[in-house]
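[1] the following block contains a protein sequence and its predicted model.
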Amino acid sequence: GGAAAAALGDLPEHLVASIVRRLPARARARASAACRGWRDLLGPEREPGLWRRADALELLSEYHGELLGATLAWGGLLRARGVHVRELSLRGFRTPAPAILPEPFRTAQLPHLVSCDLSGSSAGGEVVYWALVQCPGLLELNADDCDLDADASWVDQMGWYLDKERSVMGRTVTFALRELRLRNCFRSGAALNKFLAIVGQACPDLEGLALGWEPRALSLGAPGAWGGARCAVLGGLRGFHRQRLSALSLAGCAALRDLELAGLLRVSGRSLRRLNLANCSQVSGHGLAQLDSPHLDTLNLQNLWNVPGRAFSRLLVQNPQLVRLSFAWTDVETADLEAGLPACRHLRALDLSGCARVEAARLPELLRGLRGLSELGCGGTAGLTDQSLRLLLRDHPGIRALGLVHSPCLTERSLAALPALCPRLESVCLTGNPQLGPDAVLDLTASVRLKRVGAADMGWAGGRAAEAEKRLKALRGPNPNPWTHMAETW
């Protein structure tokens with residue numbers, strides 16, 4: 001023990017700091033309290049990077065999954081070092097004592113916080129309220145999959161706070177927020193619209209906004225388990241008058257109307273770079289007609305059945321700079337792609353899954369000029385066969401992600417040819433193809449180093465079905481359809 005201590009004491013200070021930097025948060029805190037020399041060496045003044053990020057799940061692993069102890073330790077760590085924390089993560093941290101979570105924010109222990117990730121945690125609306133009010137430098141806030149309206153009084157309290165500051169104190173409160181994510185976190189349309197009105201009024205510098213709902217099972221009764229207020233009319237978006245959004249995601253907002261969308265597109269003007277309107281079933285070509293941004297590089301219009309084909313071709317002609325594009329499950333036709341797709345020479349990701357009016361035999365000619373294509377969804381197009389798929393992939397050996405959903409004319413010969421046609425393949429979706437047996441899918445996973453495979457609704461039974469299901473479970477990821485999961489990140 002004494003020899004080891006002497007040897008450690010003989011090390012240069014920068015080596016000691018480098019060793020301790022690799023320790024978990026709890027161990028770093030203990031090391032900095034071991035003696036006066038280490039306290040000075042590992043203090044925030046000498047090593048600010050040690051305390052820049054606070055992650056609750058890191059503490060949970062140190063407490064071997066004991067949630068209450070990890071919650072108390074998290075609060076103690078922020079009381080001691082919160083003034084130096086810039087990035088805070090509660091991602092996936094579901095504690096039995098959620099009332100403890102707002103305390104560091106309410107007592108202003110995080111005055112220099114810049115980024116806060118609450119996604120999938122037990123944090124409620126009170127945490128969001130105090131984070132905005134007490135963290136003046138907060139730029140990024142992620143509240144995806146949180147239950148923000150279990151007690152919606154915080155929204156009224158924030159409105160009252162802004163009104164009081166304006167009428168009594170004579171000053172207009174604004175927040176520095178640049179990016180806000182609110183997916184699957186509101187069940188009440190009224191509470192959501194109130195908060196959106198507040199954001200429109202108090203966040204003039206907002207650049208990224210993500211709303212919407214995705215019906216999926218989440219742990220411990222999070223709002224996304226029943227889909228949220230999918231049918232809520234988003235009237236609160238009408239209060240966005242000053243924001244110049246560069247990223248806008250409204251995927252799953254089934255009641256989004258052309259009126260609100262057109263207003264957002266007009267306000268954002270020419271600054272918009274990423275737009276995700278997947279499953280916004282009420283949006284039509286009239287709302288999309290307001291889209292005019294020379295910097296738009298990502299556009300996801302999956303499941304927009306009310307948009308006519310000529311609107312798609314007009315979008316392609318007006319936005320030749322597009323890099324990622326999804327027309328999946330829409331009424332786009334081959335003629336629409338012929339009219340607009342040649343202009344988009346920079347496309348790297350194209351999803352035409354479920355486009356039954358697109359002729360698969362014409363795709364090789366249509367996509368021949370897209371030399372940089374690395375992600376392609378062509379399943380469900382009209383007449384997709386082994387031969388048309390082979391001709392299509394022959395010109396694009398750099399494909400890394402391939403979607404072949406619901407393609408009954410494909411046979412196992414296509415899977416056998418994929419390793420030679422796409423040597424860099426990392427992700428493939430075969431959902432809805434029961435004619436592709438488990439043996440062929442297992443052979444594909446053995447010959448290509450795949451990171452994700454989607455194979456839902458395959459109808460396998462007997463033989464190697466159990467082995468295939470076990471193998472694919474590890475490659476499935478959070479969503480059984482890897483192409484859908486990929487598009488959600490756009």
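    Looks like it came in fine. Numbering: from 1, shown residues only.
[2] hey, let's count contacts and neighbours off CA atoms from now on
    Fine.
[3] any low-confidence regions in this protein?
    1-9, 13, 17, 20-21, 24-34, 38-51, 59-65, 215-232, 476-490 (pLDDT under 70).
[4] the stretch 301-450 of the chain: helices as residue ranges?
    If you assign secondary structure with DSSP state H, counting those that start in this stretch, the helices in the stretch 301-450 of the chain sit at 309-318, 334-340, 363-366, 386-394, 412-421, 438-447.
[5] same question for the stretch 51-200 of the chain.
    Across the stretch 51-200 of the chain, reading from the start of the chain, the helices by DSSP H, counting those that start in this stretch fall at 56-62, 67-81, 103-106, 125-134, 153-167, 189-202.
[6] tabulate those (CSV), appending distance to residue 271 and mean neighbour count.
    Shown next, in CSV, are the helices of the stretch 51-200 of the chain (distance: least, Cα to Cα, whole Å; neighbours: other Cα atoms under 10 Å):
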stretch, distance to residue 271, mean neighbour count
helix 56-62, 35, 19
helix 67-81, 37, 18
helix 103-106, 33, 20
helix 125-134, 25, 21
helix 153-167, 28, 15
helix 189-202, 17, 20
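[7] make TSV from those helices and add distance to residue 381 to it.
    Shown next, in TSV, are the helices of the stretch 51-200 of the chain (distance: least, Cα to Cα, whole Å):
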stretch	distance to residue 381
helix 56-62	43
helix 67-81	49
helix 103-106	52
helix 125-134	44
helix 153-167	46
helix 189-202	37
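[8] contact partners for residue 270?
    For residue 270, the set of contacting residues under the criterion of Cα atoms under 8 Å, 6 or more residues apart in numbering consists of 292-295.
[9] surely it forms part of a helix?
    Yes - note on residue 270: a helix contains this position according to DSSP: H, G, I helix; E, B strand; the rest coil.
[10] could you measure from it over to residue 290?
    In this structure, residue 270 and residue 290 are 11 Å apart, going by Cα to Cα, to the nearest Å.
[11] still on that earlier bit, quick one: closest of the helices of the stretch 51-200 of the chain to residue 468.
    For those, distance to residue 468 was read as Cα to Cα. The smallest value, 31.5 Å, belongs to helix 56-62.
[12] quick one: the strands in the stretch 151-300 of the chain, in order.
    179-181, 208-210, 247-249, 274-276, 298-300 (DSSP state E, counting those that start in this stretch).
[13] JSON lines please, covering those strands and showing mean neighbour count and distance to residue 371.
    Compiled in JSON lines, the strands of the stretch 151-300 of the chain are given as follows (neighbours: other Cα atoms under 10 Å; distance: least, Cα to Cα, whole Å):
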{"stretch": "strand 179-181", "mean neighbour count": "21", "distance to residue 371": "33"}
{"stretch": "strand 208-210", "mean neighbour count": "19", "distance to residue 371": "30"}
{"stretch": "strand 247-249", "mean neighbour count": "22", "distance to residue 371": "26"}
{"stretch": "strand 274-276", "mean neighbour count": "23", "distance to residue 371": "22"}
{"stretch": "strand 298-300", "mean neighbour count": "23", "distance to residue 371": "18"}
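[14] Serialize those strands to TSV and add fields for distance to residue 255.
    Formatted as TSV, the entries for the strands of the stretch 151-300 of the chain read as follows, by distance: least, Cα to Cα, whole Å:
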stretch	distance to residue 255
strand 179-181	19
strand 208-210	15
strand 247-249	14
strand 274-276	15
strand 298-300	17
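[15] give the closest residue to residue 126 in space, chain neighbours not counted.
    Of all residues beyond its chain neighbours, the one nearest residue 126 is residue 154 (5.9 Å), with distances taken as Cα to Cα, 6 or more residues apart in numbering.
[16] that neighbour and residue 129 touch, don't they?
    Yes - checked against Cα atoms under 8 Å, the pair residue 154 and residue 129 is within contact range at 6.6 Å.
[17] pretty sure residue 122 sits against residue 93.
    Yes - in this structure, residue 122 is within contact of residue 93 by Cα under 8 Å, at 6.5 Å.
[18] please say which of the two ends up with more neighbours.
    The residue with more neighbours, out of residue 122 and residue 93, is residue 122; 25 against 22, by other Cα atoms under 10 Å.
[19] got the contact list for that one?
    For residue 122, the residues meeting the contact criterion (Cα under 8 Å, 6+ apart) are 93-95, 98, 146-147.
[20] now residue 408
    By Cα under 8 Å, 6+ apart, the residues touching residue 408 are 433, 435.
[21] roughly how far does it sit from residue 375?
    When Cα to Cα is the yardstick, residue 408 and residue 375 sit 21 Å from each other.
[22] ok, now residue 203?
    35 Å.
[23] neighbour count winner among those two?
    Neighbours were tallied for residue 203 and for residue 375 using other Cα under 10 Å; the higher tally belongs to residue 375 (24 against 19).
[24] list the contacts for that one?
    For residue 375, the residues meeting the contact criterion (Cα under 8 Å, 6+ apart) are 348-351, 399-402.
[25] quick revisit: JSON lines for the helices of the stretch 301-450 of the chain, including distance to residue 76 and mean neighbour count?
    Output for the helices of the stretch 301-450 of the chain, formatted as JSON lines (distance: least, Cα to Cα, whole Å; neighbours: other Cα under 10 Å):
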{"stretch": "helix 309-318", "distance to residue 76": "53", "mean neighbour count": "18"}
{"stretch": "helix 334-340", "distance to residue 76": "58", "mean neighbour count": "18"}
{"stretch": "helix 363-366", "distance to residue 76": "60", "mean neighbour count": "17"}
{"stretch": "helix 386-394", "distance to residue 76": "56", "mean neighbour count": "17"}
{"stretch": "helix 412-421", "distance to residue 76": "53", "mean neighbour count": "16"}
{"stretch": "helix 438-447", "distance to residue 76": "47", "mean neighbour count": "17"}
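[26] I'd like the ones you listed laid out as CSV, including distance to residue 238.
    Putting the helices of the stretch 301-450 of the chain into CSV (distance: least, Cα to Cα, whole Å) gives the following:
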stretch, distance to residue 238
helix 309-318, 24
helix 334-340, 32
helix 363-366, 40
helix 386-394, 44
helix 412-421, 49
helix 438-447, 49
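[27] out of those, nearest to residue 115?
    Comparison of these against residue 115 by Cα to Cα identifies helix 309-318 as nearest, at 34.7 Å.
[28] which residues are in contact with that closest one?
    Residues lying outside helix 309-318 but in contact with it, judged by Cα under 8 Å, 6+ apart, are 285, 289, 292, 331-333, 336-337, 339-341, 343-344.
[29] try stretch 162-180
    132-133, 136-143, 201-210.
[30] can you rerun that using 10 Å?
    Stretch 162-180 is contacted by residues 114-115, 132-133, 135-144, 157-158, 160-161, 198-199, 201-211, 243, 245-248 when judged by Cα atoms under 10 Å, 6 or more residues apart in numbering.
[31] send me that stretch as CSV with only the CA atoms.
    Backbone C-alpha positions of stretch 162-180 (Å, rounded to 0.1, in the frame of the first residue of the first chain) are rendered in CSV as follows:
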residue,chain,number,x,y,z
LEU,A,162,-43.7,35.8,-18.2
ASP,A,163,-46.8,38.1,-17.7
LYS,A,164,-45.7,39.2,-14.3
GLU,A,165,-42.2,40.1,-15.5
ARG,A,166,-43.7,42.1,-18.4
SER,A,167,-46.5,43.9,-16.6
VAL,A,168,-44.9,44.4,-13.1
MET,A,169,-41.2,44.5,-13.7
GLY,A,170,-41.4,46.1,-17.1
ARG,A,171,-39.1,43.7,-18.9
THR,A,172,-39.7,41.0,-21.5
VAL,A,173,-38.2,37.6,-20.6
THR,A,174,-36.6,35.7,-23.4
PHE,A,175,-34.8,32.3,-23.3
ALA,A,176,-31.6,31.5,-25.2
LEU,A,177,-33.0,28.1,-26.3
ARG,A,178,-31.8,27.0,-29.8
GLU,A,179,-33.1,23.4,-30.0
LEU,A,180,-36.2,21.9,-28.4
